[in-house]
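Engineer: Sharing a sequence plus its predicted fold:
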Amino acid sequence: MRYLLPLILLGCSTGADDNFEFDVDDWQPRDSADARPDAPPAPMTLEVTGGAWGAYTNFRINDASEESVVRVARSPFRSPDGPCYPMLGGQCFELAAPIYYMTSIYTDRDGSGVTRVPTAAWFPEGGVCFQAVDYNDGGDSAELSNSACIFVGPDDDGDGVANAGDICPGFDDNLDIDGDGQPNDCDPCPTDPEDADTDRDGICNVDDDCVRAEGFIDTDGDRTCDADDLCPEDPTDSCAGLVAAEGRNGAGNGFYQIDLEAGTVTLLGSGSSYTALAYSETGELYGYEAGGRENLLFVNPLTGENEEGPVTGYAHWSGMTVLDGLVYHWSERGDNLHTMDADSGEESDGFLYGSSYNHCIAADTDGNMYRIAGSSLYALDYEGGFETSLGGISGITDTGGGSSCTFHDGQLLFLTGGRGIYSKLYTIDIPSLTATDTGIEMPSNNFDALASPTP
């Protein structure tokens with residue numbers, strides 16, 4: 001009867017509040033004649049999750065006896081020298097004393113089962129460990145599972161995992177697409193359990209064109225492979241100068257690269273219809289496409305090709321720039337300036353109203369923003385919601401049609417729409433309000449979009 005006491009205490013408890021402790025007199029030392037310290041681990045496995053006060057602690061058992069009752073014991077600590085007792089054939093707990101009954105799990109025909117108990121405030125804050133006991137449906141032998149530990153306590157981000165054990169604070173630890181134990185929002189490669197980044201460029205292999213292609217080819221040694229490199233032979237990536245896209249008149253419609261040093265214009269792709277372009281502060285090129293789709297798109301600066309972007313269904317834009325993470329654009333919808341969060345697509349109401357829709361806007365790295373309408377320059381107070389006319393710019397000809405502007409290396413550039421055959425590129429000296437012809441002419445007129453990766 002002496003050896004039945006642990007079984008009775010373990011089996012008769014009915015809830016987590018019972019706190020029944022195993023009788024210390026029934027623990028057997030590890031050198032007991034019937035102890036089996038070299039016994040192989042039992043196949044039964046215990047998984048425990050949760051632990052947040054006010055939520056639940058979840059238990060899952062696998063590979064236990066079919067259609068049986070598995071008891072779960074708990075202790076504040078895991079221990080390699082836990083107590084042994086004869087009813088387990090000399091097997092020893094991996095839990096330190098005192099050990100309490102926690103709950104029971106009813107298994108199905110494949111030996112698996114789940115249960116959960118509320119993580120009440122009486123659970124002390126800190127670590128707690130569990131181990132399951134399977135008495136083989138009332139037989140004279142038993143099996144022990146592995147020990148499993150969690151943290152218990154408050155849960156600031158509400159994902160059911162206590163703060164002390166939260167792998168990804170501020171996000172849901174339960175979302176793990178690739179099953180690698182790292183929640184999606186803290187996983188460098190959330191769709192790849194290996195988190196592979198062969199070329200160490202910060203882009204996971206599953207998303208890296210350079211790795212998916214024929215290997216990592218990096219001609220200029222800037223650690224950006226040629227397939228993704230704006231300037232594959234220039235480690236400073238300043239070769240492109242800026243890019244431009246044809247507007248809406250159809251003639252010469254295409255996406256161009258302008259090399260300011262060489263004074264050359266290269267057609268990179270045909271068929272584009274961007275009415276505004278702007279580089280984000282992280283190097284992505286946004287393009288606003290009119291003519292049916294009217295979306296803010298991601299544009300490949302090497303080809304002009306695009307893919308679905310962060311924003312859809314907005315009215316025509318005639319100018320765009322990016323500053324402090326926000327997209328500023330001039331819209332024909334009421335002829336005014338809007339701001340947009342490119343991640344969420346949330347757009348502000350219009351403010352800072354203008355006199356006509358034909359505007360280009362550009363911001364420098366110091367936070368100054370300007371617009372050019374016709375041949376007049378305006379300074380925009382985008383926070384206060386008003387603008388100041390700086391006056392007419394001398395030296396500009398052929399300002400009709402679409403026009404575009406951007407900052408490049410601190411210099412304001414202006415591409416005229418052109419009433420004649422060609423659009424011309426000018427540099428603008430803001431203090432003197434004078435324009436200097438760069439000698440670069442585009443192959444057609446009415447260029448609406450201009451952007452530089454180095455403002």
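Structural biologist: Received the coordinates, thanks. Remember, predicted model here, so these are calculated numbers, not experimental data.

Engineer: hey, let's count contacts and neighbours off CA atoms from now on
Structural biologist: Will do.

Engineer: which ones are touching residue 183?
Structural biologist: 167-168, 172-177, 190 (C-alpha atoms under 8 Å, 6 or more residues apart in numbering).

Engineer: Name the nearest residue to it, ignoring sequence neighbours.
Structural biologist: residue 176 (4.6 Å; C-alpha to C-alpha, 6 or more residues apart in numbering).

Engineer: picking that back up, ok, of the contacts of residue 183, which come out buried?
Structural biologist: 167-168, 172-174, 176-177, 190 (16 or more other C-alpha atoms under 10 Å).

Engineer: Which secondary structure state is assigned to the most centrally placed residue in the chain?
Structural biologist: What sits nearest the mean C-alpha location of the chain, by C-alpha atoms, centre = their mean, is residue 185, with 6.1 Å. Recorded secondary structure, residue 185: helix (DSSP: H, G, I helix; E, B strand; the rest coil).

Engineer: For it, list the residues it contacts.
Structural biologist: Residues in contact with residue 185 (C-alpha under 8 Å, 6+ apart) are 168, 171-172.

Engineer: Ok, residue 360 next?
Structural biologist: Applying C-alpha under 8 Å, 6+ apart, the residues near residue 360 are 318-320, 330, 371-373, 403-405.

Engineer: can we see that at 10 Å?
Structural biologist: Residues in contact with residue 360 (C-alpha atoms under 10 Å, 6 or more residues apart in numbering) are 276, 317-321, 329-330, 370-374, 402-406, 414-415, 448-450.

Engineer: In terms of helices and strands, where is it?
Structural biologist: strand 359-363 (DSSP states H and E).

Engineer: Can you tell me the strand partners of that strand and which way each runs?
Structural biologist: The pairing partners recorded for strand 359-363 under DSSP bridges are strand 369-373 (antiparallel).

Engineer: Pull the distance from the strand it pairs with to the chain's centre.
Structural biologist: 34 Å (C-alpha atoms, centre = their mean, to the nearest Å).

Engineer: Also stretch 177-188?
Structural biologist: Taking mean C-alpha positions (C-alpha atoms, centre = their mean), stretch 177-188 and its chain are 11 Å apart.

Engineer: do the same with stretch 256-270
Structural biologist: That offset, for stretch 256-270, works out to 34 Å (C-alpha atoms, centre = their mean).

Engineer: and if you look at stretch 395-411?
Structural biologist: 36 Å.

Engineer: Between its first and last residues, how far does stretch 74-84 reach?
Structural biologist: The first residue of stretch 74-84 is 15 Å away from its last residue (C-alpha to C-alpha, to the nearest Å).

Engineer: swap that for stretch 65-83, please
Structural biologist: Stretch 65-83: ends 23 Å apart by C-alpha to C-alpha.

Engineer: what's the answer for stretch 109-129, then?
Structural biologist: Per C-alpha to C-alpha, the first residue of stretch 109-129 is 27 Å away from its last.

Engineer: Tell me the buried residues in that stretch?
Structural biologist: Buried residues in stretch 109-129, counting neighbours by 16+ other C-alpha under 10 Å, are found at 111-114, 116-120, 123, 125, 127-129.

Engineer: Wait, a strand at residue 321?
Structural biologist: Yes - assessed by three-state DSSP, residue 321 belongs to a strand.

Engineer: Please name the residues that touch it.
Structural biologist: 276-280, 286, 327-330, 339, 360-364, 369-370, 405-407, 450-451.

Engineer: do the same with residue 118
Structural biologist: So residue 118 contacts 16, 50-58 (C-alpha under 10 Å, 6+ apart).

Engineer: from those, which is closest to residue 88?
Structural biologist: Using C-alpha to C-alpha, residue 16 comes nearest to residue 88 of the contacts of residue 118, at 22.5 Å.

Engineer: for stretch 407-427, which positions count as buried?
Structural biologist: For stretch 407-427, using 16+ other C-alpha under 10 Å, the buried residues are 407-408, 412-418, 422-427.

Engineer: what bits of the stretch 301-450 of the chain have low per-residue confidence?
Structural biologist: Applying pLDDT under 70 to the stretch 301-450 of the chain flags residues 308-318, 331-335, 345, 349-359, 398-402, 417-421, 445-446.

Engineer: Do a quick rundown of the helices in it.
Structural biologist: Taking DSSP state H, counting those that start in this stretch, the stretch 301-450 of the chain contains no helices at all.

Engineer: CA-only coordinates of stretch 144-163 in PDB, if you can.
Structural biologist: Taking Å, rounded to 0.1, in the frame of the first residue of the first chain, the C-alpha atoms of stretch 144-163 are listed here in PDB:
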ATOM      1  CA  LEU A 144       6.900   9.800 -18.300                       C
ATOM      2  CA  SER A 145       6.900  12.400 -21.000                       C
ATOM      3  CA  ASN A 146       9.600  15.000 -21.500                       C
ATOM      4  CA  SER A 147       9.500  18.000 -19.300                       C
ATOM      5  CA  ALA A 148       8.200  21.300 -20.800                       C
ATOM      6  CA  CYS A 149       8.600  24.800 -19.300                       C
ATOM      7  CA  ILE A 150       6.900  28.100 -19.900                       C
ATOM      8  CA  PHE A 151       6.900  31.600 -18.400                       C
ATOM      9  CA  VAL A 152       3.800  32.800 -16.500                       C
ATOM     10  CA  GLY A 153       2.900  36.400 -16.000                       C
ATOM     11  CA  PRO A 154       1.400  39.500 -17.600                       C
ATOM     12  CA  ASP A 155       1.100  39.700 -21.400                       C
ATOM     13  CA  ASP A 156       1.500  43.300 -22.800                       C
ATOM     14  CA  ASP A 157       0.900  42.400 -26.500                       C
ATOM     15  CA  GLY A 158      -2.100  40.100 -25.900                       C
ATOM     16  CA  ASP A 159      -0.900  37.100 -27.800                       C
ATOM     17  CA  GLY A 160      -1.300  34.700 -24.900                       C
ATOM     18  CA  VAL A 161       2.400  34.400 -24.200                       C
ATOM     19  CA  ALA A 162       3.700  36.000 -21.000                       C
ATOM     20  CA  ASN A 163       6.100  38.900 -21.400                       C
END
